[in-house]
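A.B. asks: Please find the sequence and the predicted model below.
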Amino acid sequence: MKGSENNDPYEIKDGKVVTRTNNHGGILGGLSSGMPIVFRAAMKPTPSIAKEQDSVDLEKMEPAGLQVRGRHDPCIVPRAVPCMEAAAAIALCDMLLEYNLLTGACETGTCETGADKDSKGLSGYRREIDAIDAEIAGLLEKRFDVVKDIASYKEQKGLPVMDEAREEEKISKLDCLCRRETAEYVAGAMREIMAQSRRFHSRKSSSAPDYGLLGRKLGHSFSPQTHRVTGGYDFGLFEREPEQLDEFFAEGSFKGLSVTMPYKKDVMA
């Protein structure tokens, strides 16, 4: 299109500024224009198919046939639609919460759009601090998630929890990352973060996760990471052989399960 064809003319409707068309899909320059937000998505065909395909043998470095066996999901498009809708809803909700935090609209509990937009004065500075603290809290949670992974790795390798040289090296680098007037205080905050990370690192889980995925071979699953990020709780992988199912269900040491092949029918009983 030409710009003259794609641009949306503005007009006044019911006392509000709107666009006559919505070619921009509700977003201009990364900001909502107030018009309905529209986005489109396309799904590529499922690559894992039963039909034999041309590939290569990496050990012999020669052409080879490839035939994927096992489970296939040729009809992923209908399943993808609610996933995309849910992802869009989460993104919009996240933006709304951020907006309310930055504008101070939730200070009175009303959360009315546009409340107290004045950024000057003490309330404005407090809103700025609140936004920064929210960002810090989110980053700390991400840090503790990585600490959890490190704890698991060190436990498997039999490595000690404490690494003083590593911590002092990180502290020493702060002089290059911070202004002279703040370096001392940032270093103090970092030492406290490291201390809390060690506490989190060394904690012992009293029981198996309350939630998890039940299946036979689950090494490929990213479910624990997905549930941890989106839900903020531990999600385990319950790998069981068919002869172990009765004992697993009899114990009932879980609150909820996702179930994958080959136990989808077994779990119904």
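C.D. replies: Perfect, I can see it now.

A.B. asks: need the contact list for the residue most central in space within the chain.
C.D. replies: By CA atoms, centre = their mean, the mean C-alpha position of the chain lies nearest to residue 229, the distance being 4.5 Å. Going by CB atoms under 8 Å, 6 or more residues apart in numbering, residue 229 touches residue 145. C-beta here means a position set from N, CA and C on the backbone, and glycine is covered the same way.

A.B. asks: so which strand or helix has it?
C.D. replies: According to DSSP states H and E, residue 229 maps onto helix 223-231.

A.B. asks: The next helix or strand after that helix: partners in the sheet, and parallel or antiparallel?
C.D. replies: Per DSSP H and E, the first helix or strand lying C-terminal to helix 223-231 is strand 235-239. Sheet pairing of strand 235-239 (DSSP bridges) gives strand 211-215 (parallel).

A.B. asks: Averaged pLDDT, the partner strand. What do you get?
C.D. replies: Strand 211-215 carries an average pLDDT of 91.

A.B. asks: One more: stretch 222-241?
C.D. replies: For stretch 222-241, the mean pLDDT works out to 86.

A.B. asks: all helices of this structure, in order?
C.D. replies: 3-6, 76-103, 121-157, 164-172, 174-177, 180-202, 223-231, 245-251, 264-268 (DSSP state H).

A.B. asks: OK, contacts around the residue nearest to residue 34 when sequence neighbours are not counted?
C.D. replies: Spatial nearest neighbour of residue 34, chain neighbours left out: residue 18 (7.1 Å); criterion: CB to CB, 6 or more residues apart in numbering. By CB under 8 Å, 6+ apart, residue 18 lies in contact with 10, 11, 12, 34, 35.

A.B. asks: The first one and residue 31, how far apart?
C.D. replies: Spelled out, it's residue 10. Distance of residue 10 to residue 31, given as CB to CB, to the nearest Å: 15 Å.

A.B. asks: Mind checking which of those two has more residues around it?
C.D. replies: The neighbour comparison of residue 10 against residue 31 (other CB atoms under 10 Å) goes to residue 10, with 11 against 8.

A.B. asks: Can you pull the domain assignment for this structure?
C.D. replies: 3-32, 211-268 (automatic domain parsing).

A.B. asks: Out of the ones you listed, the one nearest residue 44 is which?
C.D. replies: Residue 44 lies closest, by CB to CB, to one member of these: domain 211-268, at 19.3 Å.

A.B. asks: What's the end-to-end length of that closest one?
C.D. replies: 17 Å (CA to CA, to the nearest Å).

A.B. asks: how far is that domain from where the chain is centred?
C.D. replies: Relative to the chain's own centre, domain 211-268 is displaced by 20 Å; criterion: CA atoms, centre = their mean, to the nearest Å.

A.B. asks: Take the helices of the chain and write them to TSV, including distance to residue 60.
C.D. replies: Converted to TSV, the helices of the chain look like this (distance: least, CB to CB, whole Å):
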stretch	distance to residue 60
helix 3-6	53
helix 76-103	33
helix 121-157	34
helix 164-172	43
helix 174-177	50
helix 180-202	45
helix 223-231	35
helix 245-251	41
helix 264-268	38
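
A.B. asks: between the ones you listed, which gets nearest to residue 24?
C.D. replies: Of all the helices of the chain, helix 3-6 comes closest under CB to CB, at 8.1 Å.

A.B. asks: who touches that closest one?
C.D. replies: So helix 3-6 is in contact with residue 23, going by CB under 8 Å, 6+ apart.

A.B. asks: Same check on stretch 151-168?
C.D. replies: Residues contacting stretch 151-168 (CB under 8 Å, 6+ apart): 191, 194, 198, 201, 202.

A.B. asks: Check which residues of it are buried.
C.D. replies: In terms of neighbour count (16 or more other CB atoms under 10 Å), stretch 151-168 has its buried residues at 151, 167.

A.B. asks: Mean confidence (pLDDT) on that stretch, please.
C.D. replies: 79.

A.B. asks: And that stretch, how far out from the chain middle?
C.D. replies: 26 Å.

A.B. asks: With stretch 88-96 instead?
C.D. replies: A distance of 13 Å separates the C-alpha centroid of stretch 88-96 from that of its chain, computed with CA atoms, centre = their mean.
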